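Engineer: build the 3D model from these lines:
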Amino acid sequence: MICESVYQDYGTFGTALSTQYGISSNDYLESVFSAQLTELSVGRTIYKLIRPSKVRWWPTGEGDWMCSITGIKDYQGIGNTRKEAFDELRLEIHTDFQRFLRKPRFEMSEEESLKWIQLSSVIDLLEYKLTTPLELREIGCVSYQRKSRPTRIKWLSGYNYIIDPEQVPPELMSCKTGQWIEAVVKRDPVTYRELSIDSISKISFRIPSDSDIEQSWEDMPKADLPEKSWDW
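Structural biologist: Numbering: from 1, shown residues only. As a prediction, this is how the structure comes out:
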């Protein structure tokens, strides 16, 4: 079997190392089939680990490789190479972490809850929340402020954003004063400062006046409740 032949080859070489250099075959196998991790990354998303962990690989005996990370026993990656196995493991962890992060604990099944406990005991959840930008959809109004181009966005949340033409989507600069937009905004999770505006779309929007709100309330259907006296 491939599994046996691979280990036999490395074991034979490890024995030679032990004889000549005093290095044990177990130490050699450990160095070949494992690596230390301090973080995992998928694209722009970085997961810092609470403490260094080991990723270990082993041949399946069918020509593939499998790998796992210490402390996350329910996750294993498999692939034709060690890199493919590790990539698959990263994506499995990334997918479940993002799904569980947004799911209330009371909605998790017992299996999901156990997996989340494993993930959050290895991945530094506080570090992730403090360093990962918030991605939000926001509505705001563009204004010019004594210039011939857009200079400010006043968001419905009450925040003001001073427009840097070098850092915003080019279509924003085509907006007229008073134009409402919907934007995808990245904010610092601690200071709530805008980090970037990734995209915008022009929308028709109007803040209702007090009279509009009062009229909407009057226009709501009224409940037709039977008249009845209550005996206490």
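Engineer: residue 186 pairs with what?
Structural biologist: Under DSSP bridges, the beta-bridge partners of residue 186 are residue 135, residue 196.
Engineer: pLDDT weak spots in the protein?
Structural biologist: 1-32, 223-232 (pLDDT under 70).
Engineer: how about the contacts made by the residue nearest the centre of the chain?
Structural biologist: Relative to the mean C-alpha position of the chain, the nearest C-alpha, by CA atoms, centre = their mean, is the one of residue 98, at 5.1 Å. Applying CB atoms under 8 Å, 6 or more residues apart in numbering to residue 98 gives no contacts. (Glycine included, C-beta is placed from N, CA and C.)
Engineer: give me the element it is part of.
Structural biologist: Residue 98 belongs to helix 82-101 when elements are defined using DSSP states H and E.
Engineer: any idea how far that helix is from the chain center?
Structural biologist: Remark: helix 82-101 is offset 12 Å from the chain centroid, using CA atoms, centre = their mean, to the nearest Å.
Engineer: compute the inter-axis angle for the strand ranked longest in the chain and helix 82-101.
Structural biologist: Criterion DSSP state E: the longest strand present in the chain is strand 45-59. Orientation of strand 45-59 against helix 82-101 (axes from the mean of the first three to the mean of the last three CA atoms, to 10 degrees) gives an angle of 130 degrees.
Engineer: and the residue found closest to residue 189 once you drop the neighbours it is linked to in the chain, how far is that from residue 63?
Structural biologist: What sits nearest to residue 189 in space, not counting adjacent residues and going by CB to CB, 6 or more residues apart in numbering, is residue 134, at 5.4 Å. Going from residue 134 to residue 63 by CB to CB, to the nearest Å gives 44 Å.
Engineer: the two - which one has more neighbours?
Structural biologist: Ranked by neighbour count (other CB atoms under 10 Å), residue 134 and residue 63 place residue 134 first, with 13 against 10.
Engineer: now do the phi/psi pair for the nearest residue to residue 144 once chain neighbours are set aside.
Structural biologist: The shortest distance from residue 144 to any non-neighbouring residue, by CB to CB, 6+ apart, is to residue 177 (4.3 Å). Dihedral pair for residue 177: phi -60, psi 140, per degrees, to the nearest 10.
Engineer: for burial, what's the neighbour tally of residue 177?
Structural biologist: Using other CB under 10 Å, residue 177 is surrounded by 15 other residues.
Engineer: ok, it - contacts?
Structural biologist: So residue 177 contacts 142-144, 150 (CB under 8 Å, 6+ apart).
Engineer: export those as a markdown table, with columns for secondary structure.
Structural biologist: A markdown table is the format used below for the contacts of residue 177 (DSSP: H, G, I helix; E, B strand; the rest coil):
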| residue | secondary structure |
| --- | --- |
| 142 | strand |
| 143 | strand |
| 144 | coil |
| 150 | coil |
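Engineer: out of these, which end up buried?
Structural biologist: 142-143, 150 (16 or more other CB atoms under 10 Å).
Engineer: how's this protein carved up into domains?
Structural biologist: 2-128, 133-206 (automatic domain parsing).
Engineer: distance to residue 213 added to those domains, as a markdown table?
Structural biologist: A markdown table is the format used below for these (distance: least, CB to CB, whole Å):
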| stretch | distance to residue 213 |
| --- | --- |
| domain 2-128 | 32 |
| domain 133-206 | 12 |
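Engineer: cool, thanks, signing off.
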